[in-house]
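>>> next one to model:
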Amino acid sequence: MNAPDLSFAVLPGAFSVVRLGVHETVAPLWAMPNDQFWSITRTGDEMSVICPTPQIPTGHRAEHGWALFKLLGPFAFDTIGVLASCAQPLAAAGVSIFALSTFDTDYILVKQAQLALAVSALTQAGHRQA
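This is a model prediction of the structure:
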């Protein structure tokens, strides 16, 4: 596969992934800061919230300590290999990811403790940090 060369940015701040029950409020207001990244995904089994760590009220089941990469799109829907071009070198470097996509682009969360390793793996794979 010819992986696309792309640019990425590390968004500022610390992020967390929160697990809520399937019957929780569809959009908890605490998870939606106006000027920062947040995402809510609901399935038949759970609701997951990704948001800046300081937004989370106490008492929620959460995985803390994530850094957030934005792959600088937009990418057309028929573009092949965007996420794989990042996931492959990160996996080879031993970096676990949590990935999600929007209409225009993809985002990858890595543990903050592996941020420098992740940046190095992506740049060695030919991607550029913005």
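>>> tell me where the protein has helices.
For the chain, helices defined by DSSP state H occupy the ranges 82-92, 115-124.
>>> list the contacts for residue 105?
Listed by C-beta atoms under 8 Å, 6 or more residues apart in numbering, the contact set of residue 105 reads 70, 71, 72, 73, 74, 75. Glycine gets a C-beta too; all of them are placed from N, C-alpha and C.
>>> where does the last one fall, phi/psi-wise?
Residue 75 has phi and psi values of phi -120, psi 130 when expressed as degrees, to the nearest 10.
>>> can you count the residues close to residue 75?
18 (other C-beta atoms under 10 Å).
>>> contacts only, for it.
82, 104, 105, 106.
>>> can you add pLDDT and give those back as CSV?
Shown next, in CSV, are those (pLDDT from 0 to 100):
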residue, pLDDT
82, 93
104, 93
105, 93
106, 95
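>>> out of those residues, who's nearest residue 94?
residue 106 (20.6 Å; C-beta to C-beta).
>>> paired strands for the helix or strand of the chain with the lowest mean pLDDT, with orientation please.
Ranked by mean pLDDT, DSSP states H and E, the weakest helix or strand in the chain is strand 39-42, scoring a mean of 88. According to DSSP bridges, strand 39-42 has the following sheet partners: strand 47-52 (antiparallel).
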